[in-house]
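Q: Okay, structure incoming, though there's no sequence with it:
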Ligand SMILES: [Zn+2]
């Protein structure tokens, strides 16, 4: 079984998660830029984050056999902070990068005028860069939020079939489907959509244009939800082809609209900007950190985390 998690925040996840995801069949992920929990105070910290989604996290994913792409945007929540909004001026030079397969997550959080402006501006950026858009729908007032979102999308230059509306549920699926957008469902532990409800929606509305994701992040979430939905689909009478369609071919088709999706997992590079994630760099006389008496580990001992992961100059 091959699985594609089209919305997961690996920045917030551990190497155990990567290993468990690979063992469960996950071979590709898309990581949307989002709110990190700690509010940012300047565009510069967005740019470092974007660089991390473009460089460091794909490097980390490749160590575990998983292809990693990202979507970049000013997220809905931080669109309300005037200190962050100037990142919109920096986005165009990031949206041309090969690993970027959509603009996102954009959309509404509290449905403020500032969010209106950021959403409309970023839909135009997507259209201008011939990229699809990943649009988050609010977790409160879901139907009102969906309707307002669809209105803004319809007024934009972006075709409806280049838009993935995410965090749908029973109350919003029908109107979203009728709009012609792609349909995203985030399956969480405890709250919102769970795998039983997801399978019931698939039975009622079919697998066409449906994507299922874990949206796993820094909160209570489960990076194996794609596999759990796949297993329940099979147990409830869906065929392997339906599972492959929802959990592989649909995300490939949607993000493939960017023309940039490459699903071969790159051979893991030894280092990212000189930085290895390995513990204990092989000793290479004359070049390695072992030459530095402040970081050298005792022979035979596990290396201190700083030996292998220290940034240049750290
Ligand atoms: Zn998210």
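A: It's in. All values reported here derive from a predicted model rather than from experimental measurement.

Q: Chain neighbours aside, what residue packs nearest to the residue in the stretch 201-314 of the chain that the ion sits nearest to?
A: Relative to the ion, the nearest point of the stretch 201-314 of the chain is residue 215 (4.8 Å; CB to the ion). Just so you know, the C-beta spots here come from the backbone N, C-alpha and C atoms, and that holds for glycine as well. Spatially, and ignoring its direct neighbours in sequence, residue 215 is nearest to residue 186 (3.7 Å; CB to CB, 6 or more residues apart in numbering).

Q: Pretty sure the one you found sits against residue 166.
A: Yes: the pair residue 186 and residue 166 passes the contact test of CB atoms under 8 Å, sitting 6.4 Å apart.

Q: can you list residues touching both of the two?
A: Applying CB atoms under 8 Å, 6 or more residues apart in numbering, one finds that residue 186 and residue 166 are jointly contacted by 7, 213, 215.

Q: Just to be sure, the residue of the stretch 201-314 of the chain closest to the ion is in a helix?
A: No: counting by DSSP: H, G, I helix; E, B strand; the rest coil, residue 215 is located in no helix; its state is coil.

Q: Write out the residues of the chain neighbouring the ion.
A: When proximity is defined as CB under 5 Å from the ion, the chain approaches the ion at 34, 215.

Q: now the helices: where do they sit in the chain?
A: 15-24, 43-51, 57-62, 87-95, 113-128, 142-155, 173-179, 195-205, 225-235, 240-244, 250-256, 305-309 (DSSP state H).

Q: right, so of those, which gets closest to residue 76?
A: Distance to residue 76, taken as CB to CB, is lowest for helix 113-128 among the helices of the chain, at 5.4 Å.

Q: how about low-confidence regions in this protein?
A: 192, 279-314 (pLDDT under 70).

Q: cutoff 80 now
A: Within the chain, the segments meeting pLDDT under 80 span 191-192, 266-270, 276-314.

Q: Spit out the contact partners of whatever residue of the stretch 51-200 of the chain ends up closest to the ion.
A: In the stretch 51-200 of the chain, the residue that lies nearest the ion is residue 105 (5.4 Å; CB to the ion). By CB under 8 Å, 6+ apart, the residues touching residue 105 are 7, 32-34, 71, 73, 75-76, 134-136, 166.

Q: who are the neighbours in contact with residue 201?
A: So residue 201 contacts 169-170, 173, 185, 210 (CB under 8 Å, 6+ apart).

Q: Just put those in JSON lines and tack on neighbour count.
A: Shown next, in JSON lines, are the contacts of residue 201 (neighbours: other CB atoms under 10 Å):
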{"residue": "169", "neighbour count": "19"}
{"residue": "170", "neighbour count": "13"}
{"residue": "173", "neighbour count": "18"}
{"residue": "185", "neighbour count": "24"}
{"residue": "210", "neighbour count": "23"}
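
Q: Just these: which are in strands?
A: If you go by DSSP state E, these have 185, 210 in strands.

Q: Now the two most distant members of the contacts of residue 201.
A: Pairwise distances across these peak at 13.6 Å for 170 and 210 (criterion: CB to CB).

Q: Please compute how far stretch 15-25 lies from its chain's middle.
A: Here the centre of stretch 15-25 is set off from its chain's centre by 16 Å, with CA atoms, centre = their mean, to the nearest Å.

Q: Pull out the buried residues from that stretch.
A: 17-18, 20-22, 24-25 (16 or more other CB atoms under 10 Å).

Q: Which residues does that stretch contact?
A: 1-3, 5, 10, 29, 60-61, 63-66, 216, 223-224, 226-227, 230.

Q: of the residues you listed, buried ones?
A: Buried among these (16+ other CB under 10 Å): 1, 3, 5, 10, 29, 60-61, 63-64, 66, 216, 223-224, 226-227, 230.

Q: Of those, which is the nearest to residue 256?
A: Proximity of the buried ones among the contacts of stretch 15-25 to residue 256 (CB to CB) peaks at residue 29, which lies at 14.9 Å.

Q: so what's residue 98 up against?
A: So residue 98 contacts residue 260 (CB under 8 Å, 6+ apart).

Q: try residue 132
A: Applying CB under 8 Å, 6+ apart, we find residue 132 in contact with 101-103, 126, 158, 162-164, 254-255, 257-258.

Q: now those in TSV, with neighbour count and distance to residue 195?
A: Output for these, formatted as TSV (neighbours: other CB atoms under 10 Å; distance: CB to CB, whole Å):
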residue	neighbour count	distance to residue 195
101	26	26
102	30	25
103	32	29
126	26	31
158	23	31
162	23	28
163	30	25
164	31	20
254	25	21
255	26	23
257	20	27
258	22	29
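
Q: Can you give me every residue that contacts residue 88?
A: By CB under 8 Å, 6+ apart, residue 88 lies in contact with 74, 118, 121-122, 125.

Q: and which of the residues you listed is nearest to residue 246?
A: residue 122 (26.9 Å).

Q: one step back: looking at the buried residues of stretch 15-25, which one is closest to the ion?
A: residue 17 (15.2 Å).
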